[in-house]
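*Asks:* task: produce atomic coordinates for the following.
(one chain, ligands or ions: 2)
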Amino acid sequence: MEDTKRIIVMENIMDENDRISIMINEKLSSHGFFAINVLGAPGIGKTSVIKSIISRIGDTKCYVVEGDIESDIDTVALKNLGIETVQINTHGSCHLDAPSILSSLPDFKGDNGGLVFIENIGNLVCPAEFNIGEHIKMLIVSVADGSDKPYKYPLAFEKADIIILNKCDLQPYVDFDEEYFTSGVRALNKITPIFKVSSRGQTGYEEVITWIMNRRHIL
Ligand SMILES: Nc1nc2c(ncn2[C@@H]2O[C@H](COP(=O)(O)OP(=O)(O)O)[C@@H](O)[C@H]2O)c(=O)[nH]1
Ligand SMILES: [Mg+2]
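*Replies:* Ligands and ions are numbered 1, 2, ... in the order given. Below you'll find the model as predicted:
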């Protein structure tokens, strides 16, 4: 009996989250903004990838919403680069949800469209379960963290619209089995592109930018 009640409550929370997520998505789209939900484990390079993309995106207006359990370290670093950034601290919660994004969005006054990056909490599990108004989910993984992640955390790989394989500069020094990794991804997700980059060496980003800009114009 207790178990049954728990499932119903969870469904209601998800329904409410999805309702707000649709509202956010409509607001973003009506202002010409394309939102990217950036997912990945702690330290995988989410902030580094966001910085690398924004530094190459030219005149396109960009905002970042930074999700962290505590601290504003990434927000301070992004603001120091001149990037407009809003901090959300969840104080323990392992994912961002739609209500927290709704109350943190800029008003977009005077903007003529652009990109919103939402850096989710560092975690490969819960953030994949919650829509937060995004147009696409970008999953960041790294060669330094093992090739078994698609097998262990399938939902994140199933839901990703784009996968960035970061820290490729470290590939000669780690035993990353690329074939095993790719087979694991393809068993879950036949179409999502996998882009190999190094945020340290700033390699591989041209293809990522082209893909994002094309996708932005399709949606
Ligand atoms: N060698 C190497 N280090 C990287 C790369 N990308 C990020 N890092 C380092 O990984 C650490 C975590 O990066 P960060 O972007 O803060 O990860 P986040 O916690 O996912 O946002 C930092 O010390 C970065 O300098 C990369 O492509 N190569
Ligand atoms: Mg970060």
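*Asks:* residue 144 against residue 169, yeah?
*Replies:* No. Counting by CB atoms under 8 Å, residue 144 sits too far from residue 169 to count as a contact (9.9 Å). Backbone N, C-alpha and C define where each C-beta goes, glycine included.
*Asks:* tell me where the chain has helices.
*Replies:* 2-30, 46-55, 73-80, 98-102, 149-152, 154-159, 178-188, 205-218 (DSSP state H).
*Asks:* so where's this protein shaky on pLDDT?
*Replies:* 1-10, 219 (pLDDT under 70).
*Asks:* residue in it nearest to ligand 2?
*Replies:* Nearest to ligand 2 in the chain, going by CB to the ion, is residue 47, at a distance of 3.4 Å.
*Asks:* ok, that residue to residue 188 distance?
*Replies:* 26 Å (CB to CB, to the nearest Å).
*Asks:* between these two, who's got more neighbours?
*Replies:* Neighbour totals were compared for residue 47 and residue 188, and residue 47 leads with 23 against 16 (other CB atoms under 10 Å).
*Asks:* now do the contacts for the more buried one.
*Replies:* If you count contacts by CB atoms under 8 Å, 6 or more residues apart in numbering, residue 47 has them with 66, 74, 77, 78, 119.
*Asks:* what's the farthest-apart pair in these?
*Replies:* 77 and 119 (11.4 Å; CB to CB).
*Asks:* what's the closest non-adjacent residue to residue 52?
*Replies:* residue 199 (5.0 Å; CB to CB, 6 or more residues apart in numbering).
*Asks:* who does the residue nearest the centre of the chain form a beta bridge with?
*Replies:* What sits nearest the mean C-alpha location of the chain, by CA atoms, centre = their mean, is residue 38, with 0.9 Å. Beta-bridge partners for residue 38, by DSSP bridges, are residue 119, residue 138.
*Asks:* just checking, it touches residue 120?
*Replies:* Yes. Between residue 38 and residue 120 there is a contact under CB under 8 Å: 6.1 Å.
*Asks:* hey, what's in contact with both of those two?
*Replies:* Joint contacts of residue 38 and residue 120 (CB under 8 Å, 6+ apart) are residue 46.
*Asks:* look up how far ligand 1 lies from the residue nearest to residue 52.
*Replies:* Distance, residue 199 to ligand 1, by CB to the nearest ligand atom, to the nearest Å: 4 Å.
*Asks:* identify the residues contacting that residue.
*Replies:* 45, 48, 49, 51, 52, 166, 167.
*Asks:* so what's the last one closest to, chain neighbours aside?
*Replies:* Take residue 167 and drop its neighbours on the chain: the residue closest to it by CB to CB, 6+ apart is residue 142, 4.1 Å away.
*Asks:* what of the second one?
*Replies:* Excluding its sequence neighbours, the residue lying closest to residue 48 (CB to CB, 6+ apart) is residue 199, at 3.8 Å.
*Asks:* residues near residue 216, how many?
*Replies:* Counted with other CB under 10 Å, residue 216 comes out at 19.
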